[in-house]
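Novice: For reference, the sequence and a predicted model appear below.
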Amino acid sequence: MLRLLLYLIVVGVIGAGAAWLAGNPGELAITWLGYRIETSVFIAIAVVLLGFAVALLLWSALRGIFGAPARLLARMRERREERGRDALRQGIFAVGAGDAQLAARYASEARQVLDNEPLTKLLRAQAAQISGDHATAKRIFETMLDDDETRLMGLHGLFLEARRENRIEAAEQLAAGAVEIKPALPWAAEALFELQCRKGDWAGALKTLGSMRQNKLVDRQTADRRRAVLLTAQAQAIELTDQEQAGKLAQEAHSLAPDLVPAAEIAGRVLAAQGYVSRAARLLAKTWELSPHPDIALTYAYVRPGDSPRDRLNRVRALTRNNPDHVESRVAVAAAAVDAHEWDEARKALEPLLAERPSRRVCTLMARIEAGDTRNAGRVREWLARALRAPRDPAWVADGVVSDRWAPLSPVTGQLDAFEWRIPMERIAPADQDALPLEIAELDRLERLEQAEDVHVEQPDESVSQPARLAAVDSSEPASETAEKSSHAETDEQTAPDNGKATGKATAAATQPDASPQRAEKPSASGGETVVFPLRAPDDPGPHGGEIDEDRTSPLYGVPAKNTR
C-alpha cells in the first residue's frame, strides 16, 4: 500500500512537471560548429531523456553479450549444486529408511558434486555403516576430526563404532573428548557418566554428574538421586576398610535421598558402632517411614549393642508404631517377639497375614512359633510344607535378576539405580532350589525321628548364640544312626536296673564333646534325642547377604546380623 502511494505521488509530480513545461515552452538556441539549433525547452528535455535511455539500452546489450559465458558457467554450477543437494536429501531419506544400496548411490553422487560439504562426509559414513562397511565409516569419521566444524560429528561416529565393538576404554575417551569440547553436549555427558559408572569410577561419575547439573542437562531431583546412589556405592565399597569415611558418605546420601534403604542401613550401622545411638535411631526411623524394609528393622533392633531380646522387641514396637499394619512392620514385630519368647504377640502380629496365601517368611515364622510355643512337630512340619509352596517374598530385582543384596548397577544393562525392592515376577531355578534348604532337611529329619521314637521339640536357650546352635544342629548324628542307638538304649534300659540307667546317662553325658555352651539340650521324656529347630545354616548368608558376626546374631527373619566391625 505504501509503495502504491509512493508510485502515485511520483507519477503525479512528473505529470504536473510535464504539464507546466507544456504551458511554458520557452525557447532554446544552441550554436555549435557553425550550426544553430533553435527549439523549445520542453523538446530539449525530451531529447536528452531519450538519448539517455538509448545509451542505457546499448550498455545493457553489450554487457549481456560479453557476460554470457560467465553467466552460463555460473548457471551450470548452480544446477550441479542443486543436483548435489537433492542427492544429499534423497540420501538422508534412504539412510533413514535403511536402504543401504540407494544411500550409497546418492552418497556417491553427492561426493562428485559436493566433495567438500560436511554433510556429504556424514552421508557417506552413515551409508557405509548401514551397509556393514564399518572400516570405511571409521576412516571417514577420522577425517572429520581435522575440521573444527565436523570434529564433534566425527567423535560421535567413532564413539558409536567403539560401543558397537565393545571397546569401552576407547568409547570413554571419545566421550570425554566431546565433553571437553562442549560440556553441554547431552549424548557425550550421558555416555561418559554411564561408562564411568560401569567401570566403578564413582569419583569420576560424581564429577561428571556435577557438570551435567551445572549445564542443566539433568534436573535437580534426578541429580540428587543419582548422587545419593553414587555416594552409597562409595560407602559400600569402603565400609570394611574406612568405616568413618563410609559413614560420612552414607549420611550425605541419606540427606539427599531419605528413602534409599542401603544408605540408611550403612549410616545407621556406622553411627551405632561409633556410639551415636540416638542419631542412628532417628535416621533409620525416618527411612522406615518412607520405605519399610527388613534391613532397616534389623539394623534398628541392634542399634544398641547388648540389648536383651525383650529390649529389642520394645525397640521394634517403637519403630513400627507409625505404620503398624504394613507387612514389614508385622513381620518385624513377630520376629522380635519370637526371639523374646512372646508367642501370643507374635501370633497376633502375623494373624492378618494368614488370611490369604502367606509368604515364605510368614510360614517360616509360624513354624518357629509352633516349635517354641506348642512344640508340636506336626504343626511345624505343616508350616514348613506350606513355606515350600508359598509365594516368594520381596527381594532386590533389576532387569529380571533377583539379588539378596542391593547393588548400585544392574548386572545386565549397567544402569544406575536399577534395583527395586519388590516381589520377583519370575521364578529363578537356583533360588527356588536353595530357598529353604535347611527347613527341608529338618522336615525329613523330624519324620525319621518320629518313626524311630517320640520326638521332643525344645526351644533353644536364649543365652546360647544362634550360630552356635546352628553348628550344633549341623554336627548332630544322622537320623538312622540316632534311631538305631535309641533302640539299643531302650533294650539296655529294660534289662538294666534303675541305678544302671542313671549310670549310663551320666557316662553318656561325660563322654559327649564339650558342646554344652553351643547347644542347651535336655533328654526328652521318652529318652529320645532333643531336637533344636534350626533357622538357617551358618554358611548361608540369608536373604540379606553380608558377613556373619559370630558374636552377635539377629532374631529378625532368622538370619545372623551383618558384621559392622
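Specialist: Here it is on my side, so go on.
Novice: Looking at this structure, which helix is longest?
Specialist: Among the segments of the chain that qualify as a helix by DSSP state H, the longest is helix 41-97.
Novice: pLDDT (mean, whole number) over whichever helix or strand comes after it?
Specialist: Downstream of helix 41-97, the next assigned helix or strand under DSSP states H and E is helix 100-113. Helix 100-113 carries an average pLDDT of 88.
Novice: and if you look at stretch 315-322?
Specialist: The predicted model assigns stretch 315-322 a mean pLDDT of 93.
Novice: next one: stretch 394-408
Specialist: Stretch 394-408 comes out at a mean pLDDT of 93.
Novice: Output it as PDB, nothing but the C-alphas.
Specialist: C-alpha atoms of stretch 394-408 as PDB (Å, rounded to 0.1, in the frame of the first residue of the first chain):
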ATOM      1  CA  PRO A 394      10.200 -59.300  48.100                       C
ATOM      2  CA  ALA A 395      13.800 -59.100  47.000                       C
ATOM      3  CA  TRP A 396      16.100 -56.700  45.100                       C
ATOM      4  CA  VAL A 397      15.200 -57.100  41.400                       C
ATOM      5  CA  ALA A 398      16.800 -55.400  38.400                       C
ATOM      6  CA  ASP A 399      16.200 -56.300  34.800                       C
ATOM      7  CA  GLY A 400      14.900 -59.800  35.800                       C
ATOM      8  CA  VAL A 401      17.800 -60.500  38.100                       C
ATOM      9  CA  VAL A 402      16.900 -61.300  41.700                       C
ATOM     10  CA  SER A 403      19.600 -60.500  44.300                       C
ATOM     11  CA  ASP A 404      19.700 -60.800  48.100                       C
ATOM     12  CA  ARG A 405      21.800 -57.600  48.300                       C
ATOM     13  CA  TRP A 406      21.300 -54.200  46.800                       C
ATOM     14  CA  ALA A 407      23.800 -53.100  44.100                       C
ATOM     15  CA  PRO A 408      24.200 -49.700  42.600                       C
END
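Novice: residues of it that come out buried?
Specialist: Buried positions in stretch 394-408, judged by neighbour count with 16 or more other C-beta atoms under 10 Å: 394-398, 401-402, 406-408. (Glycine included, C-beta is placed from N, CA and C.)
Novice: Quick check on Y35: phi, psi?
Specialist: phi -110, psi 150 (degrees, to the nearest 10).
Novice: and what of A355?
Specialist: phi -60, psi -40.
Novice: Relative to D224, how far out is it?
Specialist: Shown here: A355 relative to D224, a distance of 40 Å by C-beta to C-beta, to the nearest Å.
Novice: Skipping adjacent residues, who's closest to I130 in space?
Specialist: A100 (4.7 Å; C-beta to C-beta, 6 or more residues apart in numbering).
Novice: if we can go back for a sec, give me the more crowded residue out of A355 and D224.
Specialist: Applying other C-beta atoms under 10 Å to A355 and D224 shows that D224 carries more neighbours, namely 17 against 7.
Novice: That one: which element?
Specialist: helix 220-238.
Novice: Next secondary structure element downstream of that helix?
Specialist: helix 243-256.
Novice: any idea how the chain splits into domains?
Specialist: 12-62, 82-137 (automatic domain parsing).
Novice: okay if I get the ones you listed as CSV plus distance to W288 and mean neighbour count?
Specialist: CSV is the format used below for the domains of the chain (distance: least, C-beta to C-beta, whole Å; neighbours: other C-beta atoms under 10 Å):
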stretch, distance to W288, mean neighbour count
domain 12-62, 92, 11
domain 82-137, 52, 18
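Novice: Out of those, flag the one nearest P186.
Specialist: domain 82-137 (18.7 Å; C-beta to C-beta).
Novice: Give me the distance between that closest one and the centre of its chain.
Specialist: Offset of domain 82-137 from its chain centre (C-alpha atoms, centre = their mean, to the nearest Å): 38 Å.
Novice: Would you work out how far apart the start and end of that domain are?
Specialist: Taking C-alpha to C-alpha, to the nearest Å, domain 82-137 runs 26 Å from one end to the other.
Novice: W288: how many residues sit nearby?
Specialist: When neighbours are counted by other C-beta under 10 Å, W288 comes out with 25.
Novice: likewise E190?
Specialist: 15.
Novice: returning to what we had before: list the buried residues in the helix holding D224.
Specialist: For helix 220-238, by 16+ other C-beta under 10 Å, it's 223-236.
Novice: Those into JSON lines, with extra columns for pLDDT and distance to L145?
Specialist: Below are these laid out as JSON lines (pLDDT from 0 to 100; distance: C-beta to C-beta, whole Å):
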{"residue": "A223", "pLDDT": "95", "distance to L145": "31"}
{"residue": "D224", "pLDDT": "96", "distance to L145": "37"}
{"residue": "R225", "pLDDT": "96", "distance to L145": "36"}
{"residue": "R226", "pLDDT": "96", "distance to L145": "31"}
{"residue": "R227", "pLDDT": "97", "distance to L145": "33"}
{"residue": "A228", "pLDDT": "97", "distance to L145": "38"}
{"residue": "V229", "pLDDT": "97", "distance to L145": "35"}
{"residue": "L230", "pLDDT": "97", "distance to L145": "32"}
{"residue": "L231", "pLDDT": "97", "distance to L145": "37"}
{"residue": "T232", "pLDDT": "96", "distance to L145": "39"}
{"residue": "A233", "pLDDT": "96", "distance to L145": "35"}
{"residue": "Q234", "pLDDT": "96", "distance to L145": "35"}
{"residue": "A235", "pLDDT": "96", "distance to L145": "40"}
{"residue": "Q236", "pLDDT": "95", "distance to L145": "40"}
